[in-house]
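K.L.:
requesting a structural model of the entry that follows:
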Amino acid sequence: MPEVPRDEDVEAETDEAIWLECADRFRIAEEVDSNNRLMAIDDLEFADGQQWPDDLYNLRKIQRRPSLTINMTAMLVRRVINNMREQRPRIKVHPVGDGADIDDARVAGGLIRHIENRSNAEVAYDCAGESAVRMGWGFWRIIGEYVDEKSFEQELKIVPIRNALTCYIDPGATLPDGSDMQWFIISQKMKRKDFKRHYPNEELSEWLMGAAGDSQHQWESKEDIRLAEYYRVRQVKDTLLKLTDGRTMYRSEFRRQQHAFELAGIGVAKNEFDKEISRPSTRRQVQWFRLTGRRVVDRRDLPGRWIPVVRCEGNVLDINGDVRRKGMVRDLKDPARMFNYWETAKTEKLALSSKAPWVMAEGQDDGHPEWDDANQKPYSRLIYKVLTDQNGQPMQVPPPMRQPAIEVEQGFSEAAAGAAKNLMFVAGMPHEPGLDAPGTVVSGIALRKRQAMSDISHFQYYDNQTMAIAHTGRILLDLIPEYYPESRMQRIIGEDGVPQMVAINQRVPKPESPGIFEIKHNMSVGRYDVVMDTGPGYETKRQEAAESMIDLLKTPLGEAVVKTGADLIVRNMDFPGADDLADRLAPLSPQGLQQTIQQLPKQAQGIVTAMQTQLQQAQQTISQLQLEIKYKSQIEQGWMAVEREKTQTDAQVKANDAALRAHQAATDVHTKAQTSIAVAEIGAAGKILDTHAKAGYDRRAQAAELAAAERAEKPNGAQK
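P.N.:
Okay, here's the model as predicted:
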């Protein structure tokens, strides 16, 4: 171990000073958390089933007495952990400013989901969350790695830390997610062969320091060597610049991305005197070191503002500066021990009930060894010897009789039930269905309220995990510009879990400004904020959405939904082949067709785009021809209508003329008939008048003749 004097108030610069600084801080963390570590180990062992005190367990073992462990603690812990897994928080990205927009926020969020997917981040989240529930804290970290051995492209990865006791955090970090830590130490194993390959000139020397739960004997191996990784944050002097697009940036960051800014036409802003707008400032520089038991073998300046380690915290209490950390196991110990003790006592009592002794006269079992194990084996018959007196006569001795079985007092059962009830109360689950009185009917609403009460009792674990995952999102947003700076086709994953390929950091011309280029989906531009989406996971929401969509199909909107989003309905259903069927239905709608094209390789997208252009041109030609045909048809139909109208008019005129002539002829006939009738009537009337006149004349003539005849016959004297 090097012995190099140094000033503790000055940041270490040399490898020797850095090694000593790490060792000092290691001892500080070990001293501060020593009691928490010891109790955390006991909590882990208790949850694993070691629930009897060692002295009592050993004593009962010597006495051959049972020491039962009914591990209800593990069951209660799993209920809380599985509830956290069922409703794992999800990262969402929202734009804030400095050139950020909604589309870039969507790409950034999809990139974070891609990082989580390729990292199996749920393993890291669940491991740290489970550690927080069991003992009070857990960790995961974020690293960068190359895509493969032949690639210059790097990817971010979220890595779990299975044993949180190998971590030593800055005691001054008070936030649950550890975002305010200034240093962090973790002991890690490395294969000896890998160590010699990476550091061929370094001596194989193990890091020997270790606290409770991270002791040296656990690391002794012929294949592995134990090393330490040390993170720290330094305040580095830098110059703050103001850019022409209004953003502020350190000069060191601007230099790293200067080429991209030049392509986008962004530079340093200047004042009226043509001087750049800047001022002296400081920035956070994260540094990483790898240490053996003797020296620093590797060091690196890391991008980003935060140490890429995230803490997931359980219960914390600060009493007079003494910070106590614990999970839910510690409070369950006493009621769990009570329950184990009373169940063991009851079992021990019941076990002896089948061994009630037989009472018999001396000599009745002679020649019958089955009486020795009559309490263990189910004999169909037991034979005993009949005793005789000196004369050989049978003696009046009763046959062997078993003593009454040992009864278990009611107090044993009541004590065990009370211990179980106390255990459930302490666990925050007092209203379990199994604890209801027999025959009690509990409504569904009451059951949901009980579940809500249980969730509230442990909400601090879920809330702390949510804050930790949110800080992970902020770290990833801070590191993405450094690990994804070049133009590339990048896979992103949507909120529905469907991946797609997008071009990031792509140089494209501005549509409104020919000759000026911009960077599309520029991952180094803009400020974003992380918002957590909590509640049921996507799978649960997907099933609920499928049920709602099926109900929607039964309404008048069903036909429109099928035409515009049939693939969404099928994709949310849970049956084999649903995604394949949805993929086939997606191109039937314009939105689905566009998404399908975006998922194709770039060359295929070009072919499809060209075919779409040709199809659009053909459709335009067809539309024009259809319009021409339509107009010609309309003109022809107009002329035909005119001709038809003219023909109809001529026919109508002719019909009217014919009708008029027919009417005139009829009128003439009628007039002639009427005239003939009138003439006939007049002639007849004249004839009648002539007849009457002639008859009158004849009568008068006859009268005159008669008068003349009469005068002739009379004498003259008779005349007067």
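
K.L.:
next, work out how far apart the closest residue to Ala47 other than its chain neighbours and Arg134 are.
P.N.:
Using Cβ to Cβ, 6 or more residues apart in numbering and skipping the chain neighbours, the partner closest in space to Ala47 is Val329 (4.9 Å). In short, each C-beta sits where N, CA and C put it, glycine included. Val329 is 6 Å from Arg134, where distance means Cβ to Cβ, to the nearest Å.

K.L.:
before we move on, what about Met501?
P.N.:
Distance from Met501 to Arg134, by Cβ to Cβ: 41 Å.

K.L.:
the more surrounded of those two?
P.N.:
Arg134 (27 against 15; other Cβ atoms under 10 Å).

K.L.:
the more buried one against Gly327, yeah?
P.N.:
Yes. The pair Arg134 and Gly327 passes the contact test of Cβ atoms under 8 Å, sitting 4.9 Å apart.

K.L.:
Cys311 sits in which helix or strand?
P.N.:
In this structure residue 311 is Arg, not Cys. strand 309-313 (DSSP states H and E).

K.L.:
what is that strand packed up against?
P.N.:
Contacts defined by 3 or more Cβ pairs under 8 Å, 6 or more residues apart in numbering; DSSP states H and E place strand 309-313 against helix 121-134, strand 137-146, strand 167-169, helix 459-483.

K.L.:
for whatever helix or strand comes next after it, which positions count as buried?
P.N.:
Sequence order places strand 315-319 as the next helix or strand after strand 309-313, per DSSP H and E. By 16 or more other Cβ atoms under 10 Å, the buried positions in strand 315-319 come out as 315-316.

K.L.:
what pairs with strand 315-319, parallel or antiparallel?
P.N.:
Neighbouring strands of strand 315-319 in its sheet, by DSSP bridges, are strand 322-326 (antiparallel).

K.L.:
quick one, the strand it pairs with and strand 309-313 angle?
P.N.:
80 degrees (axes from the mean of the first three to the mean of the last three Cα atoms, to 10 degrees).

K.L.:
the helix or strand just after strand 322-326 packs against which elements?
P.N.:
As assigned by DSSP H and E, the chain's next helix or strand after strand 322-326 is helix 333-353. In this structure, helix 333-353 packs against helix 72-86, helix 410-426, with contacts taken as 3+ Cβ pairs under 8 Å, 6+ apart.

K.L.:
for the helix or strand that helix 333-353 is followed by, which helices and strands make contact with it?
P.N.:
Per DSSP H and E, the first helix or strand lying C-terminal to helix 333-353 is strand 358-359. For strand 358-359, the elements it packs on are strand 401-402, judged by 3+ Cβ pairs under 8 Å, 6+ apart.

K.L.:
name the helices or strands packed onto the strand it packs on?
P.N.:
Looks like strand 401-402 contacts strand 358-359 (3+ Cβ pairs under 8 Å, 6+ apart).

K.L.:
what sits up against the strand it packs on?
P.N.:
371, 374, 400-403 (Cβ atoms under 8 Å, 6 or more residues apart in numbering).

K.L.:
among the residues you listed, which one has the most neighbours?
P.N.:
Neighbour max across these (other Cβ under 10 Å) = Trp371, 17 neighbours.

K.L.:
quick one, what contacts that one?
P.N.:
358, 360, 365, 382, 384, 400.

K.L.:
the fifth one touches Glu370, doesn't it?
P.N.:
No. With the criterion set as Cβ under 8 Å, Tyr384 and Glu370 do not qualify as a contacting pair; they are 9.9 Å apart.

K.L.:
show me which of the two is the more surrounded one.
P.N.:
Shown here are Tyr384 and Glu370; by other Cβ under 10 Å, Tyr384 has more neighbours (19 against 13).

K.L.:
any idea of the pLDDT on the residue lying closest to the more buried one once chain neighbours are set aside?
P.N.:
Closest residue to Tyr384 apart from its sequence neighbours, by Cβ to Cβ, 6+ apart: Gln364 at 4.5 Å. pLDDT, Gln364: 79.

K.L.:
with Asp463 instead?
P.N.:
90.

K.L.:
what's the burial count for it?
P.N.:
Quick note: Asp463 (other Cβ under 10 Å) scores 15 neighbours.

K.L.:
from Gly246, how far out is it?
P.N.:
36 Å.

K.L.:
Gln188 too?
P.N.:
43 Å.

K.L.:
those two: which is more packed in?
P.N.:
Gln188 (15 against 11).

K.L.:
over to the more buried one. Which of the three states is it?
P.N.:
strand (DSSP: H, G, I helix; E, B strand; the rest coil).

K.L.:
ok, it - contacts?
P.N.:
166, 226-229.

K.L.:
let's go with 10 Å and repeat that
P.N.:
161, 166, 207, 219, 224-229, 290 (Cβ atoms under 10 Å, 6 or more residues apart in numbering).

K.L.:
output the residues you listed as JSON lines; include the columns distance to Tyr250.
P.N.:
Formatted as JSON lines, these follow (distance: Cβ to Cβ, whole Å):
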{"residue": "Ile161", "distance to Tyr250": "31"}
{"residue": "Thr166", "distance to Tyr250": "34"}
{"residue": "Trp207", "distance to Tyr250": "34"}
{"residue": "Trp219", "distance to Tyr250": "40"}
{"residue": "Asp224", "distance to Tyr250": "40"}
{"residue": "Ile225", "distance to Tyr250": "38"}
{"residue": "Arg226", "distance to Tyr250": "37"}
{"residue": "Leu227", "distance to Tyr250": "32"}
{"residue": "Ala228", "distance to Tyr250": "30"}
{"residue": "Glu229", "distance to Tyr250": "26"}
{"residue": "Arg290", "distance to Tyr250": "27"}
